[in-house]
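J.: here is my input, please return the structure:
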Amino acid sequence: MLTVAVLISGAGSNLRALLEAAAHPDFPARVIAVGADREADGLAHAEEFGIPTFTVAYSAFPSREAWGEELAEQLDAWKPDLIVLSGLMRLLPASLVARYAPRIINTHPAYLPEFPGAHGVRDALAAGVDSTGASVIVVDDGVDSGPLLAQERIPVLPGDTESTLHERIKPVERRLLIDVVRRIATGELTL
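T.: Modelled structure (predicted):
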């Protein structure tokens, strides 16, 4: 059984979908801990499913490296096989990425390498493209630059706003994330 730690910053909609999938007895992975870089509403999803949580507040540390060292200590306590960044709105320090590589994956609301960074949906709309997408990648020390594990195109519709487009991307992100975790757990996908 693949063990998974999930890191979040916000509401945790992708986390919720992964927790629901992992609750099925035939799903080959289990979420064993959920961490956040701040007080995050999504921690309530973990608590609802009886999953332990921890918070390593970025603001409590003098540097990204110091924050990363504490985050690594928390993760080491759980010894996860896989770390999923699920809306973690913080770049991990290179030392933390190197420590766990390639066992960290992330979702992104764009068809990478198009529109990396924190504002992928906004950037796609600003560029006037007719499609964007959702991607799941292996985290490296760049910004949304790691190897692609799965992605899917999503049309940009006339009148789309950042909110409406993002709401159409989220279900695709969730489906791709769950499928990638399943495929890693079954050995169909090797990191």
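J.: give me phi/psi at L2?
T.: According to degrees, to the nearest 10, the main-chain angles of L2 amount to phi -70, psi 130.
J.: counting neighbours, what do you get for it?
T.: When counting by other C-beta atoms under 10 Å, one arrives at 18 neighbours for L2. Where C-beta positions appear, they are placed from N, C-alpha and C, glycine not excepted.
J.: wait, V156 sits on A127?
T.: No - in this structure, V156 is not within contact of A127 by C-beta atoms under 8 Å, at 9.5 Å.
J.: show me what the closest residue to W78 other than its chain neighbours is bridged to.
T.: Spatially, and ignoring its direct neighbours in sequence, W78 is nearest to A33 (4.5 Å; C-beta to C-beta, 6 or more residues apart in numbering). Beta-bridge partners recorded for A33 (DSSP bridges): A5.
J.: re earlier: the more surrounded of V156 and A127?
T.: V156 (19 against 11).
J.: and the helix or strand harbouring L19, how far from the chain's centre?
T.: Using DSSP states H and E, L19 falls within helix 13-22. Relative to the centre of its chain, helix 13-22 is centred 11 Å away, using C-alpha atoms, centre = their mean, to the nearest Å.
J.: mind giving me the packing neighbours of it?
T.: If you count contacts as 3 or more C-beta pairs under 8 Å, 6 or more residues apart in numbering; DSSP states H and E, helix 13-22 packs onto strand 2-8, strand 29-36, helix 43-48, helix 162-186.
J.: could you check the longest one and say which residues are buried?
T.: Which is helix 162-186. Using 16 or more other C-beta atoms under 10 Å as the test for burial, helix 162-186 gives 165-166, 168-170, 172-174, 176-182, 184-185.
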